[in-house]
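> Quick check, what structure comes out for this input:
(chains A and B)
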Amino acid sequence: MEVTRDLIRAGLAQARYITTDAVETVLYLALTLERPLLIEGPAGAGKTEIGKVLAETLHAELIRLQCYEGLDEAKALYEWNYQKQLLRIQADRDQGLSGEEVTQHVFSREYLLERPLLRAITTPRRAVLLIDEIDKADEEFEAFLLELLSDFQVSIPELGTIRAQHRPVVVLTSNRARELSEALRRRCLYLWLDFPGVEKEREIVGLKVPELEPRLQEHVARFVSGLRKLDLHKAPSIAETLDWARALRALQIRELNPAAVRQTLNLVLKHEEDIRKAEGKVSSLLAAATK
Amino acid sequence: MKDQLLGFFDALRQAGMTPSTSESLDAAAAVASTGIERPVLREVLAATLIKDHADRATFDDVFDRYFALPLHARAAGRKAEPARDGEGTGRGGPGAGRGQQPEGESGRGMDQKHAQRAGEERERARTARELAKRRGLLAKPFRGMDGRDVEALRELVAELSRRLRVRWSRRVARAARGRLDLRRTIRRSLSRGGVPIELLLRAPRPGKPDLLALVDLSYSTATAAEFLLALLAPARGFLRHVTVLAYVDRPCAVSFEGGHLVPHEPLDLNARSDFGSVLKLLAERYDVALGRNTLLLVLGDARNNRRPPRADLLRQLHRDVRSVVWLNPEPLERWNTGDSVMASYERHTDALMAAWSPRTLSAALDELARVSLG
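The predicted structure follows:
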């Protein structure tokens, strides 16, 4: 499938993902240059969503690897199915097979547990590999990942080298909990995904919660944007904005006023301190949002 | 266009960024496939050359200077791409271009949108600058820090120490699982025809280690010492007993409360460092705290003012305690220069690590967990 900018624009529209021209450009580049794409930005700005949307656009399988402290090759790449191998050895021995034959049986693909990274390489279809929150994994894992990302091949001592049939599209996301290595950054294209501006967020609300009055949609977007400028523990994510919009709709609130905001604020802010801080500023935020 | 790109890479390098050859090739290939429309060109070059949002503000500066628009095109350019804040670009404030727009288009809605976008751009540049500041602080040598840096560092401590705690707890959990017990595994396998279906593990080493931290509080290392103690504070859950001793020329019990060091006996900060006599007094007065289960953590530059280093005492201690880990808050190239006698102590440590900046110090503490808990 030829990748064009129109294709991406259409794909994003179909997946109902609203974004800026800058992001579109970078996605296009990632697909044409076949480079992994590293996305950084605040939590809840839609980084993971990009991986999903890309898969939908390309009609590709989405393979997701969620990183965490202590993630290792056995969980990310492959592992031998130890118990199953033992059973096979038992069965083979009963049949009087030679050691060589047994080895051949036991070290075959059938006894290999494919983890996400290996699956992304071996899958016959084109795949989008989403490596989520790479900053949570250890540095050692990152180094190991580098090798994979440059060659898209894996060497399994007992089986030989497995090469990717189709280069998967790789998307990595990071919340900057840890600084990623220079080497990894160099191999990737880079995208900083910030919260959308008021205008874009209003569009998103309009698309996902169309039942809400347009005027209220705009007020919600502006209010949340004001909230994000406060120095909070965790700024409200886009998903939380949408939750809030849906709640306003469900509660049949027709206008943002201090009482309504206080009643529903816990949908956008999830820390007690944040809520307290925001409550003190509700009136000034409201004035800015509804002017 | 090729020459222009090469010139641009040079301009970036002059601004202190280091696009590699492969990144430059990427950039060229990307430009070839997307064209050179100005706003697109900006994003394309940024995505291929700038791999950290912290560098974005500098990049935008260089881009604006290098691909400057001719004067008459600026007004039009402003319309085509989002207005950027004029800081340091020499292109005038956000208002400059807008005034020149044709009457028909400069309605209120248009104006408002422009203002909004300009605000968003400013916001983005601000984030970038903050990230750059933070990165700079983490890499800054303790030696060159002033009061403002120390203040900013305090704000980072909570985040860094939380991360450290996560890593430590994982080490501990892994250690608690214990190593494979071959004898019991094989014995158990006999009941299944010699197939070791179940793996049995040896019981983990019981008890948490004691920590004795010995930190140099003399002028040259005080910032590093305070940062170390702040980072260690939440790690206490993994340790049984923690003793903190500060020293200049003699050890002195201190406690670390609310982010500040509180000495329990008078401590002469202006004395001349003498680690030899510190070791002597340590062995005499604190031998209770130095057992087989003690992890001795030293933070110091091993600058002894030409007094006897008494490395023999450290050797003795090394034999008595669980492990000795030394953190040196000086850059590697300064060790063993002048009055530094690092080499004579190095032999009697389990690990010696450089900890001259917040980043290297936190990395060293990671390593410490591996040495002492894993």
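> What segments of the stretch 51-200 of chain A are strands?
Along the stretch 51-200 of chain A, counting by DSSP state E, counting those that start in this stretch, strands occupy A:61-66, A:78-80, A:112-114, A:127-132, A:153-156, A:160-163, A:169-174, A:189-192.
> ditto for the stretch 251-374 of chain B
B:251-257, B:260-263, B:294-299, B:323-328, B:351-354.
> Partner strands of the longest one and their direction?
Translated: strand B:251-257. Using DSSP bridges, the strands paired with strand B:251-257 in its sheet are strand B:242-247 (antiparallel), strand B:260-263 (antiparallel).
> hang on, the earlier thing: which of the strands of the stretch 51-200 of chain A is buried the deepest?
With neighbours defined as mean count of other Cβ atoms under 10 Å in any protein chain shown, those peak in mean count at strand A:169-174, which reaches a mean of 26. Using the backbone N, CA and C atoms, a C-beta is placed for each residue, glycine as well.
> For the strands paired with strand B:251-257, state which one has the densest average packing.
When you average the neighbours per residue for each of those (mean count of other Cβ under 10 Å), strand B:242-247 leads with a mean of 22.
> who touches it?
Taking contacts as Cβ atoms under 8 Å, 6 or more residues apart in numbering or on different chains, the residues outside strand B:242-247 that touch it are B:210-217, B:225, B:229, B:232, B:236, B:251-256, B:261, B:263, B:267, B:273, B:275, B:278, B:282, B:286, B:289, B:300.
> From those residues, list the buried ones, please.
Neighbour-count burial (16 or more other Cβ atoms under 10 Å in any protein chain shown) applied to the contacts of strand B:242-247 gives B:210-217, B:225, B:229, B:232, B:251-254, B:256, B:261, B:267, B:273, B:275, B:278, B:282, B:286, B:289, B:300.
> can you give me the helices in the stretch 101-250 of chain A?
Residue ranges of the helices in the stretch 101-250 of chain A, as given by DSSP state H, counting those that start in this stretch, are A:116-122, A:139-151, A:182-187, A:198-208, A:214-229, A:238-250.
> Can you give the contact residues for the second one?
The reference is to helix A:139-151. Counting contacts by Cβ under 8 Å, 6+ apart, the residues touching helix A:139-151 from outside are A:36, A:67, A:71-73, A:76-77, A:117, A:131, A:134, A:137, A:154, A:170, A:178, A:180-181, A:183-184, A:187-188.
> What's the ChimeraX syntax to select whichever of those are buried?
The ChimeraX command for the buried members of the contacts of helix A:139-151 (criterion: 16+ other Cβ under 10 Å) is given here:
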select /A:36,67,71,73,76,77,117,131,134,137,154,170,178,180,184,187,188
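> one step back: can you flag the weakest of the strands paired with strand B:251-257 by average pLDDT?
The minimum mean pLDDT among the strands paired with strand B:251-257 belongs to strand B:260-263 (a mean of 79).
> May I have that strand as PDB, with CA atoms only?
Provided in PDB are the C-alpha atoms of strand B:260-263 (Å, rounded to 0.1, in the frame of the first residue of the first chain):
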ATOM      1  CA  HIS B 260      18.300  19.400  56.500                       C
ATOM      2  CA  LEU B 261      21.300  18.000  58.400                       C
ATOM      3  CA  VAL B 262      21.200  18.300  62.100                       C
ATOM      4  CA  PRO B 263      24.500  17.600  63.900                       C
END
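> Show me the shaky parts of the chain.
All of this refers to chain A. A:1 (pLDDT under 70).
> Chain B was what I was after
Residues of chain B meeting the criterion pLDDT under 70: B:69-110, B:113, B:175-178, B:204-207, B:259, B:373-374.
> Just give the nearest non-adjacent residue to A:Gln217, would you?
Using Cβ to Cβ, 6 or more residues apart in numbering or on different chains and skipping residues adjacent in sequence, the residue nearest A:Gln217 is A:Val205, 4.6 Å away.
> what about the residue of chain B found nearest chain A, how many residues close to it?
Nearest to chain A, among the residues of chain B, is B:Lys51, at 3.5 Å (Cβ to the nearest Cβ). Taking other Cβ atoms under 10 Å in any protein chain shown as the neighbour definition, B:Lys51 ends up with a count of 24.
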